[in-house]
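Undergrad: fold the following.
(3 chains)
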Amino acid sequence: MENLVYVALFAPFVGSLFAALFGMSQRQIFVGVIASGLLAVSFISSLLLAINLYTTGNVIHVTMMDWINAGDISIPFGFVIDQISVTMMTVVTLVSTIVHIYAIGYMDHDKAFNRFFSYLSAFVFSMLILVMSDNFAGLFIGWEGVGVCSWLLVGFWYHKPDQTREENPSISPSWAANEAFIMNRIADLGMLVGIFILYWNTGSLQYDVVFAALPNLDDAVLVTAAIALFIGAMGKSAQFPLHTWLTDAMEGPTPVSALIHAATMVTAGVFLVIRSNPLYGMEAVAGVSFFIACLGTFVAFYAASMALVERDLKRIIAYSTLSQLGYMFAAAGLGAYWIALFHLAAHAFFKALLFLGGGNVMHAMHDELDLFKMGELRKKMRGTFIYMTIASIALAGLPPLAGFWSKDAIIETAFNEHTYVLWFMLVLTAGMTAFYSFRQVFLTFFGEDRHTALGFHPHEMYKFVLAAMSPLAVLAIITGWFMGGYKAFIYQIGEGVQYEMSEHTHHLATYLGLIVIFVAVSGIILAYFKYARTGKNAFKRNEEKEQGFFYKLLINQYYVPKIYEEYITKPYAMISEVFWTKVDLKIVDATVDNIAKFFYVSGDKTRAMQTGNLSNYLNWMAVGAVVLLVIAAISAMLV
Amino acid sequence: MENMLSILVFFPAVAGLLGFVVEKESARMYGVTVAAIEFALSLWLWFSFDMSNAGMQFVEMIPLIPDFGITYYLGADGISLFIIIMTTLMTLIGMAGMSETRNVKNMIITLLFLEMTMVGVFVALDAIIFYMFWELSLVPMLYIIGAWGGPLRIYASIKFFLYTFAGSLIMLVGMLFVAYTYHDLTGVWSFAITDWYALVLPVDYQLWLFAAFFIGFAIKVPMFPFHTWIPYAHGQAPTIGSVILAAVLLKMGTYGFVRFSLPMFPDASVMAITPIAVLSLIMIIYTAMIAYAQKDMKQVIAYSSVSHMGIIMLGLFAMNAEGLSGSVFQMLSHGIVSGALFMLVGVIYDRRHTKLMSEFGGLAAVMPKYAVIFGIMLMAAVGLPLTMGFPGEFLVLLGFYKISPIMTILAGTSIILGAVYMLRLFKKSFFGPLNNEENMKLKDLNNRETWSLIPLVAIVIWLGVYPKPVLEPIDNSVKALLVFMDEKAITKEAKDMILVSKSNKGGA
Amino acid sequence: MIGLSHYLIVSAIIFSIGLVGVLRRRNLLMLFFATEVMLNAVNIAFAAISHYYNDLTGQMFAFFIIAIAASEVAVGLGILIVLFKKHGSLDLDDLANMRG
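TA: Numbering: from 1, shown residues only, chains lettered A, B, ... in the order given. Okay, here's the model as predicted:
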């Protein structure tokens, strides 16, 4: 079994190195095929590990080698395969495998095809380190590793020039890549601080040692550690106020958006909270956990509101991702860790499907993403249409698809915890989710044909790509049916992750579910009437409405990016400039130069004494002698 | 080999003298060969090094002026060993990758002399010998900047020389005073550092002496506000000069703190934690911001190098093994990474004769290999895990967290600000459209450049993934140093502050 | 009664005269004379103090000074002649070629 762990972990790494060998040469299909094959190997290993864990219940713990040993700290490369990590591994490798196969078709015409696979596999490797590691430092390796891969992949089309924010809200791929990296670094500092706190208070970074020592620690220590680690999670999972990078990251190729910015990397923050459930589940940090739940709910609503008016296909999906991450945090914050993890998995499947479908549309429309330029595509892209509809139903949370079970459980949790405000917000957001996801489906696939007039001639994606997407479609439908089984599986870990609804909620469960369904269906119906009809009822742009206050607020993302630019980026550049030109050159350096100048000038001035005239010299000598005599006389008198 | 260290020190100098009779055309080959032999010798030193011994090894001692206790006294421990290896490595790589065509023979000879002085500083255990090498190292560097530099080279080289020279004179006064006190207390003269270690000085003496040594070392590091010579020196120096300056000469300052200030003045060091930490924080944040404002690629790297030295300084005063080991490791990492970055900037300067970022953009398309290596070094510079930049920075911040959480968070902003200026540099030069006509026909790295950079890339990744072979001997010596400081400290505050690691507490 | 102090006062006066000569004169030859005057002022003081203490060392020193002064004059005058031949003048203002 130990070998399987290493196979699962290193297969993507080998794939990445292999692709890197051909990184600078012409497009080679076999590079993509081999990278995908190695990922499939990794997936199968993960699956075998999961099955083994399910049947035997034995957690596998392996230590590969030492990494950093200094002072009393000792950090190994160690990996743990328990219910949490194996869930993540299976989800990550499955989605990655499909995305890899998809990318063979999607990146078909790209010159940097090989390089793309190298980055993509490297990403999977980092993600696996992140989820499999048995200590916080190992987690941090993966944490930073996925950050770098995300930087490389978002900036994959680095040659595109910068545009103004009005032309392109994300400015350029390279800009978006840097933004993502830097925002994540801000959060990483928080995470590092969390690691430091844990180390100095528990003497180790191993999960088991740290978690075992938690009950002995001060409340203040626990709270600061929890806050610091959560700041780290906020960056990776793009929670407010570190969320702007996620929508801008849509500048990357679509497979990247599907894999990194929907299914896997952004869920790392949720994973961290779930992984640290012994910490977040403690009485002492209940306040922090509740804050996480509130922030999650807020982000769910906040992101959904921006998605209502967005016209860019990929950005809508990005907002929906943000919103769903909010749901996960809400669940985790309320203590329902396993429900958060389950939603994470279900979300990974349907969101990846949605993104890949979006990629098909984008491919067909020659990179045009404006929904207003599409319409009636269902006739030309039947397969994609079916997939995206399935994914959207799952996202909207209608039974019996995956999204319903997990999301309903989260909403129920909010009710169960008597946080009715959160419950209400989450239900409302569910309605908004249904509305904007179907707004997007209807605008793309129904309604009037708006694209032909603009010169687009869409065509369906390759058959093999559609075939590769089918497992995701199946999973998006059926995942929810296994919730009970999964619950049994994850309950093996112990009490920390267990969460049951109270009797009271249990009775109301059916009604609560019906409310959610009702809200979601109304959202869909509203979207249908507004966007799906043809003929004289067909959707028309209302320019006047677009000048309204709320519309402008939403389309400009509540002006948050603008505020960041005006109040952080620009002042920073200005202060830097002042520091350099005014402080460093004019004060610090000038002081040094002035000291040197003082000696130089005083030498230059006294040089006049050197007249070369012996008589003058003799005069000076006499003066000197007299001065010395006087000094000698005075000192003689003093003594 | 008994006089291994002497050979290590004087082999380059002797070879340098012989270099005068070498033909001009073969001077470069000769230099690279000598540097390679020297590097091999330093590796041999590593292999014959006893990893479990935390004390001085390969000790050589020949009395020079017995009446005044001046001895030719050399030795190496875990801390100096790797700095020596890094010195010989960077000299070799710098020489192999050198693109200079003017007066190559003189350059080679100068570099070999410089190598002698640098290795000499790191192995000297007698204050006078140390001081001699310390000052001698200025001369070849003065010559390199002054003779091969840019338009402002005279100003830059004189500034470099006088500034550091002024500092080291104050340090010399401190040294003489220590020797005088030693004579006062014991009745014999001695300049041996190991003898000085045994000297327990009253706190006020310690403070004054610490200040004297501090000025000498701080100017070399260079600490804020003594850093202003470095932008000129880097800006005007030829590539090879910047590589050696950043990689090795700056480390002499931080090494001085480890070798002199910490063990000799433990109480003063503990008292100095806060002021030094504040200066280091200013260094880290302020120079990182200045780096962001730069328009010239080389100046970005120069200021970033100052910023990273701030992290090293912080770690030295963490007073625990984590921080101190991390700091020494970070010295090595900074040496290799910033050296490599300067070489990389040199590559583009050779092609375009400009270093202004506005002249570039989209270079990744025409120079992919260059972009990849630059990218790796950049990631190492911002401290990405699994590159060499991470263990040091992580351990330093971890160690200093014990002293002050707030200051650590402020220092930790270096991981953000570092990413900000480095990514900006990368975006401006490598990303974006390829607009400038002149950049379109740029050639990618040639064989010489590639093969001098590949070893550095390999080391950066190797020591990022598996730092143990280097970190372990460093850690042993650092632990011994801390135990020594803890025993020697006379004030209670200092004893409380110096944290001896558990593994040592049990044994000692 | 003429005592030590009288001698010393005379010596000081002569020394001052010599010093003023050194400071004020522009001609090298005159400078020479002025230094000789100063030397002799010192000689007077030596002789007087030697007598006062009944110690011959002082008078011996005076002889030394006379001998040295003589040889100095010999060398100095030689130099002066060369200088005069070269520049045609012994005026110090004309000889300022060491100007910094």
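
Undergrad: what's next to stretch A:447-461, contact-wise?
TA: Counting by Cβ atoms under 8 Å, 6 or more residues apart in numbering or on different chains, the neighbours of stretch A:447-461 from elsewhere in the structure are A:105-106, A:360-361, A:363-366, A:368, A:372-377, A:380-384, A:466, A:531-534, A:538-539. Backbone N, C-alpha and C define where each C-beta goes, glycine included.

Undergrad: what about C:Ala34, distance to C:Ala45?
TA: Going from C:Ala34 to C:Ala45 by Cβ to Cβ, to the nearest Å gives 17 Å.

Undergrad: rewinding a little: now narrow the contacts of stretch A:447-461 to whatever sits close to chain C.
TA: Intersecting these with the surroundings of chain C, defined as Cβ under 8 Å from any Cβ of the partner chain, gives nothing.

Undergrad: which residues are in contact with the residue in the stretch 101-250 of chain B positioned nearest to chain C?
TA: Relative to chain C, the nearest point of the stretch 101-250 of chain B is B:Ile158 (21.3 Å; Cβ to the nearest Cβ). Applying Cβ under 8 Å, 6+ apart to B:Ile158 gives the contacts B:Leu142, B:Gly146.

Undergrad: buried sites along the helix or strand containing it?
TA: Secondary structure here is read from DSSP states H and E; on that basis B:Ile158 sits in helix B:153-186. Neighbour-count burial for helix B:153-186, with 16 or more other Cβ atoms under 10 Å in any protein chain shown as criterion, is recorded at B:153, B:156-164, B:167-168, B:170-172, B:174-175, B:178-179, B:181-182.

Undergrad: now swap in stretch A:161-173 and tell me
TA: Within stretch A:161-173, the residues that count as buried by 16+ other Cβ under 10 Å are A:Asn168, A:Pro169, A:Ser170, A:Ile171, A:Ser172, A:Pro173.

Undergrad: in the stretch 451-600 of chain A, which spans are helices?
TA: For the stretch 451-600 of chain A, applying DSSP state H, counting those that start in this stretch gives helices covering A:463-478, A:483-490, A:503-527, A:549-555, A:560-564, A:570-578, A:589-606.

Undergrad: among these, which is the most enclosed?
TA: Ranked by average neighbour count under the criterion mean count of other Cβ atoms under 10 Å in any protein chain shown, the helices of the stretch 451-600 of chain A are headed by helix A:463-478 at a mean of 19.

Undergrad: ok, residues contacting the very next helix or strand once past the helix holding B:Ile158?
TA: Where DSSP H and E defines the elements, the next helix or strand beyond helix B:153-186 is helix B:193-197. Helix B:193-197 is contacted by residues B:56, B:69, B:73, B:125-127, B:130, B:178-179, B:182, B:190, B:259-260, B:263-264, B:484, B:488 when judged by Cβ under 8 Å, 6+ apart.

Undergrad: residue ranges in the stretch 401-508 of chain B under the pLDDT threshold?
TA: When the per-residue scores of the stretch 401-508 of chain B are filtered using pLDDT under 70, the ranges that remain are B:502-508.

Undergrad: which residues of it lie near chain A?
TA: Within the stretch 401-508 of chain B, the positions near chain A by Cβ under 8 Å from any Cβ are B:401-402, B:405, B:408-409, B:412-413, B:415-416, B:419-420, B:423-424, B:427, B:430-434, B:465-468, B:471-472, B:474-475, B:478-479, B:501-503.

Undergrad: distance of the residue positioned nearest the centre of chain B from B:Met309?
TA: Among the residues of chain B, the one closest to the centroid is B:Lys251, at 2.2 Å (Cα atoms, centre = their mean). Distance of B:Lys251 to B:Met309, computed by Cβ to Cβ: 9 Å.

Undergrad: who touches both of these two?
TA: Counting by Cβ under 8 Å, 6+ apart, the contacts common to B:Lys251 and B:Met309 are B:His334.

Undergrad: residues of chain A that sit close to chain C?
TA: Within chain A, the positions lying close to chain C (Cβ under 8 Å from any Cβ) are A:Arg607, A:Met609, A:Gln610, A:Thr611, A:Gly612, A:Asn613, A:Leu614, A:Ser615, A:Leu618, A:Asn619, A:Ala622.

Undergrad: now, which of the residues you listed sits nearest chain B?
TA: In terms of Cβ to the nearest Cβ, no member of those lies closer to chain B than A:Arg607, at 19.0 Å.

Undergrad: what's around that closest one, how many residues?
TA: Using other Cβ atoms under 10 Å in any protein chain shown as the criterion, A:Arg607 is surrounded by 11 other residues.

Undergrad: cool, the one 5 residues further on as well?
TA: Counted with other Cβ under 10 Å, the burial measure for A:Gly612 works out to 14 neighbours.

Undergrad: phi and psi next, for it.
TA: phi 80, psi 0 (degrees, to the nearest 10).

Undergrad: what do you get for B:Lys443?
TA: Per degrees, to the nearest 10, the residue geometry at B:Lys443, taken as phi and psi, is phi -90, psi 150.

Undergrad: quick one: it from chain C, how far?
TA: When distance is defined by Cβ to the nearest Cβ, to the nearest Å, B:Lys443 is 55 Å away from chain C.

Undergrad: so where do the helices sit in the stretch 51-200 of chain A?
TA: Using DSSP H, counting those that start in this stretch, the helices assigned to the stretch 51-200 of chain A run over residues A:83-106, A:113-132, A:136-154, A:173-202.

Undergrad: kindly reformat these as TSV and extend each row with mean pLDDT and distance to B:Ile373.
TA: Converted to TSV, the helices of the stretch 51-200 of chain A look like this (pLDDT from 0 to 100; distance: least, Cβ to Cβ, whole Å):
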stretch	mean pLDDT	distance to B:Ile373
helix A:83-106	91	26
helix A:113-132	92	15
helix A:136-154	93	15
helix A:173-202	92	19
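
Undergrad: re the thing from before, which of the contacts of stretch A:447-461 are buried?
TA: A:105-106, A:360-361, A:363-365, A:368, A:374-377, A:380-381, A:383-384, A:466, A:531-532, A:539.

Undergrad: quick revisit: possible to save the helices of the stretch 451-600 of chain A as TSV with distance to A:Gly203 and mean pLDDT?
TA: Formatted as TSV, the helices of the stretch 451-600 of chain A follow (distance: least, Cβ to Cβ, whole Å; pLDDT from 0 to 100):
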stretch	distance to A:Gly203	mean pLDDT
helix A:463-478	42	90
helix A:483-490	29	87
helix A:503-527	41	88
helix A:549-555	49	85
helix A:560-564	39	89
helix A:570-578	38	92
helix A:589-606	46	91
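
Undergrad: A:Gly71 is nearest to which of those helices?
TA: With Cβ to Cβ as the criterion, A:Gly71 lies closest to helix A:570-578 of the helices of the stretch 451-600 of chain A, at 35.3 Å.

Undergrad: that closest one and chain B in contact?
TA: Yes: under the criterion of Cβ under 8 Å from any Cβ, helix A:570-578 makes contact with chain B via A:Tyr572, A:Ala573, A:Ile575, A:Ser576, A:Glu577.

Undergrad: how about residues contacting that helix?
TA: Contacts made with helix A:570-578 from outside it, assessed by Cβ under 8 Å, 6+ apart, are listed as B:Met289, B:Ile290, B:Tyr292, B:Ala293, B:Val420.
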